[in-house]
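In: Just to be clear, the model below is a prediction. Sequence and coordinates:
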Amino acid sequence: MELRPILSTLRRHKTAAALIVLEIALSCAIICNAMFLIGGRLERMDRPSGVAEDEIVRIQITGIGQSDNAAALTASDLAALRAIPGVKSASVTNEVNFGNSSWNSGVTLTQEQRQPSLNATTYLGDETLPATMGLTLVAGRYFSADELLDWDAFNNPAANLSVPAAIITRDMGEKLWPGQNPLGKTFYSWGEGGTRVVGVVDKLARPNEMGGPEAYYYSMILPLRVPFSVGGNYLIRASPERRAEVLKAAVDALERNGPSRIILKQQTLQEMRSDYYRQDRAMSWMLVIVSVLLLIVTALGIVGLASFWVQQRTKQIGVRRALGATRGQILRYFQLENFVLATAGIVIGMLLAYGLNQLMMSKAELPRLPAIYLPVGALVLWLLGQLSVLGPARRAAAVPPAVATRSV
């Protein structure tokens, strides 16, 4: 079918055609960027933490006033927790995944280096912490007993101690020593002396978003035996089906062992993940709802305009039918007409989508819109246009040739 009759008709209805083109263009620009933002949120929420989320429960506890026997009480706590039926392992640490805490440390490769090579989140714990977390060791080993330091001894200025060993993530090792094996390498972070890498784990996520996506797995574990007064996070690992009973028993054990303390939080790590990404889920749903409403409004605009044109061209359609045009030809005419309008709107919309993305990059520090979202958005609007015009086009195709003989 030739485009000339369609273009001639659209020139006679410039205002209506321009409004539909503008509506489609705005929808294309907004939907392309909305899909990009939704995709980014979903990708962010799906990031693995590196720990056994389905097996870990966390109890956060704090003391009332200053505790002089925090280390001894912590050791007693851990003994009680590990004795609970169903507990695979239990540890205490300063921070935990999805906890939004901020134990961050600059890391340098030499003592003289002024600017850190990176900023890493720092987990503190004894030799049981990696196993309690369920980390995947890809190189080296976990801590040995002679590498452990007590928190109070390390914080004594007169002792002048340095952390002898560390377990780091694969991403952190690659950032510090690109293309090299980080095992046995030394870095400087805590204390004057160097810290030697004894183990590398696949992933261990930050408890926060400091440093952006690139730094999400810049994490290290240092062999410091901390008391409950430092962060107060007890991690307990149990089989998924026994987490609820283990959590209840653990809370009871801690309350019996130190009745003067307060339980701040008790939850599974999966619940912590859900809370951590609550805003991301809300934002994603909001963008989905806005996109759906925008598509509905665009579809109604296309249906309204097509229905109006069918009504205005009833006699013209009847004449074409009388001259031998089939129903299929009439149907294709209106579908092609809509395709022309949609294509014009999509081309303008792609330019607007790029411009909108540039604005968000400068104002909200968002990444560049990947080109793949443009054809996806175009395909959605082409399909929407064809489906929306189908009803009015079928009504036009049903106009009988006898209409051509009626007086206007």
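Out: Perfect, thanks for sending it. Numbers count the residues shown, from 1 in each chain.
In: Who are the packing partners of the longest helix belonging to the chain?
Out: Scanning the chain for the longest helix, with DSSP state H as the assignment, gives helix 327-364. Contact partners of helix 327-364 among helices and strands, from 3 or more C-beta pairs under 8 Å, 6 or more residues apart in numbering; DSSP states H and E: helix 4-12, helix 14-45, helix 278-312, helix 314-322, helix 373-397. (Each C-beta comes from the backbone N, C-alpha and C, glycine too.)
In: Turn those helices into TSV, including mean pLDDT and distance to Leu224.
Out: As requested, the helices and strands packed on helix 327-364 are exported to TSV (pLDDT from 0 to 100; distance: least, C-beta to C-beta, whole Å):
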stretch	mean pLDDT	distance to Leu224
helix 4-12	69	74
helix 14-45	87	31
helix 278-312	88	32
helix 314-322	75	83
helix 373-397	85	46
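In: of all those, which lies closest to Asn338?
Out: Judged by C-beta to C-beta, the one of those that comes nearest to Asn338 is helix 373-397, at 4.2 Å.
In: who touches the closest one?
Out: For helix 373-397, the external contacting residues (C-beta atoms under 8 Å, 6 or more residues apart in numbering) are 24, 27-28, 31-33, 35-36, 39, 295, 298-300, 302-303, 306-307, 309-310, 313, 317, 327-328, 330-331, 333-335, 337-339, 341-343, 345-346, 349-350, 353.
In: Helices of the stretch 1-150 of the chain, start to end?
Out: With DSSP state H, counting those that start in this stretch applied, the stretch 1-150 of the chain shows helices at 4-12, 14-45, 70-82, 129-133, listed in chain order.
In: Of those, flag the one that's most buried.
Out: Among the helices of the stretch 1-150 of the chain, judged by mean count of other C-beta atoms under 10 Å, the one packed with the most neighbours on average is helix 129-133 (a mean of 23).
In: Who are the packing partners of that helix?
Out: Contacts defined by 3+ C-beta pairs under 8 Å, 6+ apart place helix 129-133 against strand 87-93, strand 233-238.
In: Report the rounded mean pLDDT for it.
Out: Rounded to a whole number, the mean pLDDT of helix 129-133 is 96.
In: Stretch 199-216 now?
Out: 93.
In: May I see the buried residues of it?
Out: Residues of stretch 199-216 classed as buried: Gly199, Val200, Val201, Lys203, Leu204, Ala205, Arg206, Pro207, Asn208, Ala215, Tyr216 (neighbour count, 16 or more other C-beta atoms under 10 Å).
In: Please flag which of these sit within strands.
Out: Members of the buried residues of stretch 199-216 lying in strands (criterion: DSSP state E): Gly199, Val200, Val201.
In: Going by distance to Pro370, which of those wins?
Out: Proximity to Pro370 was ranked across these by C-beta to C-beta; first place goes to Val201, at 30.4 Å.
In: That closest one contacts Gly50, doesn't it?
Out: Yes - proximity of Val201 to Gly50 meets the contact threshold set by C-beta atoms under 8 Å, at 6.7 Å.
In: any common contacting residues for those two?
Out: Common neighbours of Val201 and Gly50, using C-beta under 8 Å, 6+ apart, are Leu135, Thr136, Thr169.
In: Just give me the neighbour total for Asn69.
Out: Residue neighbour count, defined by other C-beta atoms under 10 Å, stands at 11 for Asn69.
In: Pull the contacting residues for it.
Out: Under the contact definition (C-beta under 8 Å, 6+ apart), no residues are listed for Asn69.
In: gap between the most centrally placed residue in the chain and Leu269?
Out: A centroid search over the chain (C-alpha atoms, centre = their mean) returns Arg44, at 1.6 Å, as the residue closest to the centre. For Arg44, the distance to Leu269 (C-beta to C-beta, to the nearest Å) stands at 17 Å.
In: And Ala79, by the same measure?
Out: Distance from Ala79 to Leu269, by C-beta to C-beta: 23 Å.
In: and what of Arg82?
Out: Arg82 sits at a distance of 18 Å from Leu269 (criterion: C-beta to C-beta).
In: just Val198 next, same as before
Out: Between Val198 and Leu269 the distance, using C-beta to C-beta, works out to 26 Å.
In: quick one: which of the two has more around it?
Out: The residue with the greater number of neighbours, taking Val198 and Leu269 and applying other C-beta under 10 Å, is Leu269; the counts read 25 against 20.
In: Quick check: pLDDT value at that one.
Out: At Leu269 the predicted local confidence, pLDDT, stands at 96.
In: swap in Ala166?
Out: Predicted confidence (pLDDT) for Ala166: 97.
In: give me phi/psi at it?
Out: phi -150, psi 150 (degrees, to the nearest 10).
In: If I follow the layout properly, it ends up in contact with Arg196?
Out: Yes - at 7.2 Å, Ala166 counts as touching Arg196 under the criterion of C-beta under 8 Å.
In: Please say which of those two ends up with more neighbours.
Out: Set side by side, Ala166 and Arg196 show more neighbours around Ala166, with 26 against 15, by other C-beta under 10 Å.
In: ok, back up a step: using JSON lines, please lay out the helices of the stretch 1-150 of the chain together with distance to Arg243.
Out: As requested, those are arranged in JSON lines below (distance: least, C-beta to C-beta, whole Å):
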{"stretch": "helix 4-12", "distance to Arg243": "64"}
{"stretch": "helix 14-45", "distance to Arg243": "21"}
{"stretch": "helix 70-82", "distance to Arg243": "14"}
{"stretch": "helix 129-133", "distance to Arg243": "14"}
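In: between those, which gets nearest to Ser362?
Out: Evaluated with C-beta to C-beta, the helices of the stretch 1-150 of the chain place helix 14-45 nearest to Ser362, the distance being 13.9 Å.
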